[in-house]
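[1] Pasting a predicted model and its sequence here:
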Amino acid sequence: MRAVTTTDTYLTTHGITVLAPARAVYDIIAEVADWPQRFAPNVHVEHLERTPDGERIRIWATAGEVVKSWTSRRELDPDELRVTFRQEVSAPPVAAMGGEWIITAHGENISRLELRHDFRAVDDDPSGVRWITAAVDRNSDSELAAVKALAELGDRLGELEFSFEDTVFTTGDPALVYDYLYRADLWPERLPHVSRLDLKEDPADATEPRVQVMTMDTRTADGSVHTTESVRVCFGPDRIVYKQTTVPALMTAHTGSWTITPAGDGVAVTSRHTVILKPEAVERVLGPDKTVADARAFVQRALSTNSTTTLRHARAFAEAATRE
C-alpha cells in the first residue's frame, strides 16, 4: 500500500497480481450485486439507479467492529477495464470518499489489479484519519485477495457457488410474519433448532432499515451445535437480507434473504440462500471420497431444513394470531 496526503485529502493505492484474464477480473468487480457473497466486508448492496455505463448504489459493509452504510455512484468502463466510484453520502468519520479499480493485462492469463482511494475525514480529525486508513487498508487487502481467489477459480466458481429457495404460503397477517422473522431475539424460545441467540440492533431513524448483528447457536439433525455470526438489514415490512460473517466449515460465504410477497388471497414467504463452498474442507468435514456435489447436497439440505422450519413456525404464529 502507498499513501500520501495533499492538503486534507488522503490517497492510498493497493495492488495485487492475478493469474487470470483481465476481463474475468473486471467482470467480478463490475457485478456489484454479487459482492456480499464474494467480498468479506460487504453485507448488502441495493441498486438505486442503473444505466448501461453507470449505477447508483447503497452499500452496507463492516468496518472493523461496526456496520457502515453509504450511497455511491459507479462509472463502468469495460473498454479501459476501469470502475470509478464516488460516495454521495458518506458515514462518519468519513467526510468524502472515492477511487477506482484499474485492471491491466500483462499477458493472456496475468493481470495487475489496483484499488485506489481518496478520502477526507470529518473536520480532518487525526483519530478519524487513522480509523479510515485502517479500515481502507483492511478492506482493500481483503477485497483484492477475494478478487484474486475468485478469478483464479475460473469456471470452477460455477460449481462452488449456488442458490436455492424455500417458500410457504400463508393467509396470516403479513405484518405478523415479518415481526416473527424480525424478532430473532425470540427464536431460542420459538424455534427448536436455535439454542442460543445474542442480538444487537443499531438504534436508527424510523425511515432507515434497521441493522442487526447476531450470534446464533444452531442444532443440527445429529445433535451437534454450530455457531454462526450474521449481519441483517431489515427492510420492513416485507424483506430482511443477511450475511453470515462467520460461516460453517464447508462454506466460504453465505448470504440470504427473507421476503414476503402477495400471492392470491395471502402471501408467499420465501427464504433464499446463496452459498460458496470451500472445496478443501469437503473431505475433512464429510469424510473421504466425498465430492463438491456431496457438499452441495449436504449444505442445501441443512440450510433448507432450518429455513423451512422457521417459515412454518412463522406461518403458524401469524395464522393463530390472525384467528384470535
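    On my side now, so go ahead. Numbering: from 1, shown residues only.

[2] Extract the C-alpha set from stretch 275-294 and format it as CSV.
    The C-alpha coordinates for stretch 275-294 follow below in CSV (Å, rounded to 0.1, in the frame of the first residue of the first chain):
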residue,chain,number,x,y,z
VAL,A,275,-23.5,-20.2,-0.8
ILE,A,276,-19.9,-20.5,-2.0
LEU,A,277,-18.4,-23.8,-0.9
LYS,A,278,-14.8,-24.3,0.4
PRO,A,279,-13.6,-27.3,-1.6
GLU,A,280,-10.5,-28.0,0.6
ALA,A,281,-12.9,-28.6,3.5
VAL,A,282,-15.1,-31.2,1.8
GLU,A,283,-13.3,-34.4,2.8
ARG,A,284,-12.3,-33.1,6.2
VAL,A,285,-15.9,-32.3,7.1
LEU,A,286,-17.8,-35.0,5.2
GLY,A,287,-15.3,-37.8,5.0
PRO,A,288,-13.0,-39.5,2.5
ASP,A,289,-14.1,-39.7,-1.2
LYS,A,290,-16.8,-37.0,-0.7
THR,A,291,-17.1,-34.5,-3.5
VAL,A,292,-18.2,-31.0,-4.1
ALA,A,293,-21.6,-32.4,-5.3
ASP,A,294,-22.0,-34.2,-2.0
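
[3] Not counting its neighbours along the chain, what's nearest His14?
    Ser140 (4.1 Å; Cβ to Cβ, 6 or more residues apart in numbering). For every residue, glycine as well, the C-beta is placed using N, CA and C.

[4] can you give me the helices for the stretch 51-200 of the chain?
    All helices of the stretch 51-200 of the chain, identified by DSSP state H, counting those that start in this stretch, fall at 126-153, 157-160, 174-182, 187-190.

[5] Render the CA-only coordinates of the third one in CSV, please.
    In other words, helix 174-182. Extracted in CSV, the C-alpha atoms of helix 174-182 (Å, rounded to 0.1, in the frame of the first residue of the first chain):
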residue,chain,number,x,y,z
PRO,A,174,-48.0,-10.4,6.7
ALA,A,175,-47.1,-7.9,9.4
LEU,A,176,-47.1,-10.7,12.0
VAL,A,177,-45.0,-12.9,9.6
TYR,A,178,-42.4,-10.1,9.3
ASP,A,179,-42.4,-9.5,13.1
TYR,A,180,-41.7,-13.2,13.7
LEU,A,181,-38.7,-13.1,11.3
TYR,A,182,-37.5,-9.7,12.6
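
[6] List the contacts of the residue lying closest to Glu88 once chain neighbours are set aside.
    Among residues not flanking Glu88 along the chain, Thr71 sits closest, at 4.6 Å (Cβ to Cβ, 6+ apart). Listed by Cβ atoms under 8 Å, 6 or more residues apart in numbering, the contact partners of Thr71 are Leu48, Arg56, Ile57, Arg58, Ile59, Gln87, Glu88, Val89.

[7] please redo it, this time with the cut-off set to 10 Å
    Thr71 sits next to Glu46, Leu48, Arg56, Ile57, Arg58, Ile59, Gln87, Glu88, Val89, Ser90, Ala91 when contact means Cβ atoms under 10 Å, 6 or more residues apart in numbering.

[8] ok, how many other residues are close to Asp123?
    Residues lying near Asp123 (other Cβ atoms under 10 Å) number 11.

[9] got a pLDDT number for it?
    Reported pLDDT at Asp123 in the predicted model: 89.

[10] Now it: closest residue in space that isn't a chain neighbour?
    That would be Ala95: by Cβ to Cβ, 6+ apart, it lies 7.8 Å from Asp123.

[11] Same check on Ile103?
    Excluding the flanking residues, the one nearest Ile103 by Cβ to Cβ, 6+ apart is Leu81, at 4.1 Å.

[12] OK, contacts around that neighbour?
    Per Cβ under 10 Å, 6+ apart, neighbours of Leu81: 22-23, 25-26, 29-30, 101-105, 111, 113.

[13] Which among the contacts of Thr71 count as buried?
    Glu46, Ile57, Arg58, Ile59, Gln87, Ser90, Ala91 (16 or more other Cβ atoms under 10 Å).

[14] Contacts only, for the fourth one.
    The reference is to Ile59. With contact taken as Cβ under 10 Å, 6+ apart, Ile59 is in contact with 32, 35-36, 41-46, 68-72, 85, 87, 91.
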